[in-house]
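Asker: Could you work out the structure for the sequence below:
(2 chains)
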Amino acid sequence: MTEAATPETVYKTDTLIAEDIESYLETHQHKSMLRFITCGSVDDGKSTLIGRLLYDSKMIFEDQLAALESDSKKSGTQGEEIDFALLVDGLAAEREQGITIDVAYRFFATEKRKFIVADCPGHEQYTRNMVTGASTADLAIILIDARKGVLTQTRRHSYIAKLLGIRNIVLAVNKMDLVGYDQKVFDDIVSDYQNFADEIGIENFVAMPISGFKGDNIASLSDNTPWYQSASYWGKPLIEHLENVELDNSRNQNKSFRMAVQWVNRPNLDFRGFSGLVSAGSVKPGDPVRILPAGKNTTVSKIVSFDGELEEAVAGQSVTICLSDEIDCSRGGVITTADDPPESADQFEASIVWMDDEALTVGRSYWLKLGPQMVSATVQEPKYTVNVNTMEQLAAKTLELNEIGVAQITAEKPVIFESYNDNQALGGFILIDKMTNATVGAGMLHFSLRRAQNVHWQETDITREARASLKNQKPAVLWFTGLSGSGKSTIANLVEKKLHRMNRHTFLLDGDNVRHGLNKDLGFTDADRIENIRRVGEVARLLTDSGQIVITAFISPFRAEREMVRNMIPDGEFMEVFVDTPLSVAEERDVKGLYKKARSGQLKNFTGIDSPYEAPENAEIQIDTTKMTPDEAADVIVEKLLG
Amino acid sequence: MHNSLTHLQRLEAESIHIMREVVAETEKPVMLYSVGKDSAVMLHVARKAFFPSPPPFPLLHVDTTWKFQEMYKMRDTVAAEAGMELLVHQNPEATEKGINPFDHGSIHTDMWKTQGLKQALDLHGFDAAFGGARRDEEKSRAKERIFSFRTASHGWDPKNQRPEIWNLYNTKKAKDESIRVFPLSNWTELDIWQYIHLENIPIVPLYLSAKRPTYVHDGQLFMADDIERLEQVMGRKPEIIERSVRFRTLGCFPLTGAVESEASTLPEVIQEMLLTTTSERQGRVIDHDQAASMEKKKQEGYF
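Answerer: Residues are numbered from 1 along each chain as shown, chains lettered A, B, ... in the order given. Below is the predicted model:
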């Protein structure tokens, strides 16, 4: 058992530093590292607690302390006493507003461990910041103001900590000094929290009565709470607990070996090493391994490092592994235990936290990054979202900023994965907007959906090349895009007539026509427009597989969806034709009288009026209809196609 | 059974992972090399990350012409030993105008370092640049991401940073945008020193105490590294006294305050650092202007 920590035992290092620096260094090279998060509002004294930890572990220097004292007088909230919170709140804007709005990382160390604290804001509008901080934490300190008890935000913070898989929860009942260190106040809060923890499946937590401001039960047990030392309580000060709690990193080493390949190291033809961060288990030279996605087995020939070959690589290390056989494996592949490999799938259920101001667009193609694997993926309508304050499941059409929901995800090709609960590195992913490049969501995979597992590709003997060569042509998609009334259908029709006369096998897919049949169930919301384009893209792909030249005439207002179709069609076969007609010209023509209706409000979601049109940036062909006739335009397009 | 990794092993593994991500996902990375102790660690970790290949990017030194002579020596030998290309950039405009730390104050840092860096990145078309900054150095750094995005004009917007979840870094960017990457974000000053000690990494001898010619300017102690040049710029010969000094941080010699010290070995330096009660950047003049000065400089494109 560890000796109860007193300030002397925790910080006795001072004398060692002065007397025997060599042995001090020897001790400190063997420290482990704990990352934790503090959750709570400014009012709960979160920043004060962190400031206290820094101060008690002597991480504050004299000049910082002097600056702190003068700052405390200027903008502090603690009167004449030092306001520790000022140490922690970083950005100038935040200092002025007196709130923490981003995640700040702080560092301190004791004899046993180095600590990285993610200090996250507590308000609901900063849920994404807390998720960010929680994602790398081994432990969460949930702060409660002893005067207020378990609040809505306590539930929210606990839920997020649980969602992100944090196994060690500390319930720190703070400001005990303001309730006279009353045991009953503490007991009531803990019992309240226990009920809630049971509800959301938090199996274990440790409760402590503390005062960040006064320092009670932080570095040492406090004389103000003698009852805390009786057998029915945890009975240890905060720092001692932080020093001894089990690390995820150690726990991961007992699992099956997994390493995603980040980079293939190939300095010359004689050397090929696979570099990556071991996410679980351990491996030794000679161990049998399976290489995914190739699915082939081999053994580890050696583990190479700058300091010589290694006898073993364990979870948490970045290493370079060489294999006994030449097996094809590139970035995104996974090297794994041969007898217990992870699955691959392209449809999943996942929890998703939305992090962007612009809501999730159901059906839109986003980049999904899972370790070094990067694929296109779409998110379906959420099964439900979770009210983070009440844990209620709500029906939803989309996910807005800071919302957390459960939805089905479809990737364009299989992803090697494990459930997030089993392996965070193979189960956690981010979603990236393909247009803005913003990180818009973070997700945790639950499981793959059976559908993906049981649907396989059937090989056919007649290939798309064979079909095209019989028609004596190269298949292609001429994708017309432009405002309503820009002249897409007119020009597309002329192009098809010209190609037909030249004995080409063509098919024209027209926007209006498709909505009479295949897509008659779709309306004009953003999600429906995306699904409209997705289906047309799939039909165009089938037609090019049959060897045809496909001509499509759809407004197709969003860049992301035109890109999605481009990616469905083999390279070089997709040509975007931008029929560039200014809005004023198209509106003046108003062949179908639609602009008039839209202007008068009878028609909603009309492109160019109350729904945006995102013009192509790099269309293969651009037609300025104010400078040429439809017939001239058709000639330009045919010439470019047949080139 | 498990092998509990030490904090230095975990920090090293994290830094290696970050460097490999950058090399795998960006087109033309570069490593900023300032010759200081953080650069020394960053370079050492890079050599480990890509071994047996040499790090697949060049080193870039944005020079102010006012660095210590020993730094220039160190820079050239270290790059050669790592088998890496070394690029040195000096802002031609600053050369032409004879910008120096005495007559031009903060313009000196802006022209040589901030503008010089931007010029060099633009000149070579680098889309990612590694820097050795750490989050424990200063308050506004504590909130900067490991992957920090800069606009085409190199600006930084602290309110518009991408969330970094787990160790999944989003490196997607628009044309002309670039990324500053800080692989040592989670290291502290003590970690850096311990790692240098443990791994035997060569550092500029100025970090260790020795008898050196010094002078006092504005109440701070400096080393007279190039007396002739000093005299020329100051317009007078400063009073030079031999003192036993070392440096906690290295930059331009007329801007980098020395501390009197007897610590002539690495353990002694660490010992002194642990017992001392002033923070590292105090020796650097540029941070003193005002509380939020670093945040301002970064928004303008300073590393």
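Asker: Can you pull out the low-pLDDT segments for the stretch 51-200 of chain B?
Answerer: B:139-140, B:158-160 (pLDDT under 70).
Asker: Up against chain A, what does it have?
Answerer: Contact residues (Cβ under 8 Å from any Cβ of the partner chain) of the stretch 51-200 of chain B with chain A: B:51-54, B:135-136, B:139-140, B:142-143, B:158-159, B:161-168, B:170, B:172-174, B:185-186, B:188, B:190-191, B:194, B:197-198. (C-beta placed from N, C-alpha, C; glycine too.)
Asker: Next step: those restricted to helices.
Answerer: B:190-191, B:194, B:197-198 (DSSP state H).
Asker: Format those as TSV; extra columns: neighbour count and distance to residue A:241.
Answerer: Formatted as TSV, these follow (neighbours: other Cβ atoms under 10 Å in any protein chain shown; distance: Cβ to Cβ, whole Å):
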residue	neighbour count	distance to residue A:241
B:190	17	23
B:191	24	23
B:194	22	25
B:197	17	30
B:198	13	29
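Asker: Farthest pair within the residues you listed?
Answerer: B:190 and B:198 (12.1 Å; Cβ to Cβ).
Asker: How about the secondary structure of residue A:576?
Answerer: strand (DSSP: H, G, I helix; E, B strand; the rest coil).
Asker: since we're on the nearest residue to it once chain neighbours are set aside, how many residues are nearby?
Answerer: With sequence-adjacent residues excluded and distances taken as Cβ to Cβ, 6 or more residues apart in numbering or on different chains, residue A:576 is closest to residue A:619, at 4.2 Å. The number of residues packed near residue A:619 is 19, by other Cβ atoms under 10 Å in any protein chain shown.
Asker: I'd say residue A:619 and residue A:578 touch.
Answerer: Yes: counting by Cβ atoms under 8 Å, residue A:619 does reach residue A:578; the two are 3.9 Å apart.
Asker: tell me, what's touching those two both at once?
Answerer: residue A:481 (Cβ atoms under 8 Å, 6 or more residues apart in numbering or on different chains).
Asker: how far does stretch A:616-626 stretch from start to finish?
Answerer: The first and last residues of stretch A:616-626 sit 18 Å apart, counting by Cα to Cα, to the nearest Å.
Asker: Flag every buried residue along it.
Answerer: A:616, A:619, A:621, A:623, A:625 (16 or more other Cβ atoms under 10 Å in any protein chain shown).
Asker: Who does the closest residue to the first one other than its chain neighbours form a beta bridge with?
Answerer: Right, the one you point to is residue A:616. Once flanking residues are discounted, residue A:616 sits nearest to residue A:578: 4.6 Å by Cβ to Cβ, 6+ apart. Per DSSP bridges, the residues bridged to residue A:578 are residue A:481, residue A:622.
Asker: Could you verify my assumption that residue A:578 touches residue A:614?
Answerer: No: using Cβ under 8 Å, residue A:578 makes no contact with residue A:614, being 11.0 Å away.
Asker: Would you mind telling me which of these two has more residues around it?
Answerer: Counting neighbours by other Cβ under 10 Å for residue A:578 and for residue A:614 shows that residue A:578 has the greater number, 22 against 15.
Asker: which residues touch that one?
Answerer: Counted by Cβ under 8 Å, 6+ apart, residue A:578 has contacts A:481-482, A:615-616, A:619, A:621-623.
Asker: Please confirm that the residue nearest to residue A:576 is located within a helix.
Answerer: No: per three-state DSSP, residue A:619 lies outside any helix segment and is coil.
Asker: mind checking how far it is from chain B?
Answerer: According to Cβ to the nearest Cβ, to the nearest Å, residue A:619 and chain B sit 17 Å apart.
Asker: check contacts around that residue.
Answerer: A:481, A:576-578.
Asker: ok so, going back, so among the residues of the stretch 51-200 of chain B next to chain A, which ones count as buried?
Answerer: B:51, B:53, B:135-136, B:139-140, B:142-143, B:158, B:161-168, B:170, B:172-173, B:185-186, B:188, B:190-191, B:194, B:197.
Asker: Could you count how many residues lie near residue 264?
Answerer: With no chain named, the answer covers chain A. Residues near residue A:264, counting by other Cβ under 10 Å: 16.
Asker: try again with chain B
Answerer: Count around residue B:264 with other Cβ under 10 Å applied: 13.
Asker: excluding its backbone neighbours, what's nearest it?
Answerer: Nearest to residue B:264 is residue B:209, by Cβ to Cβ, 6+ apart, at 4.7 Å.
Asker: Report the secondary structure state of residue A:369.
Answerer: Strictly by three-state DSSP, residue A:369 counts as strand.
Asker: I'd guessed it sits against residue A:430; true?
Answerer: Yes: using Cβ under 8 Å, residue A:369 is in contact with residue A:430, at 5.1 Å.
Asker: okay, and the common contacts of the two?
Answerer: B:168, B:170.
Asker: Kindly report the residues of the stretch 151-300 of chain A close to chain B.
Answerer: Counting by Cβ under 8 Å from any Cβ, the stretch 151-300 of chain A comes close to chain B at A:247, A:249-250, A:253-254, A:262-263, A:265-267, A:271, A:273, A:275-277, A:282.
Asker: Show me which residues of stretch A:334-348 are buried.
Answerer: So, applying 16+ other Cβ under 10 Å, buried residues of stretch A:334-348: A:334-338, A:341-342, A:344-348.
Asker: Which members of those residues define the maximum pairwise distance?
Answerer: Pairwise across those, and taking Cβ to Cβ, the largest span is found between A:338 and A:347, at 26.2 Å.
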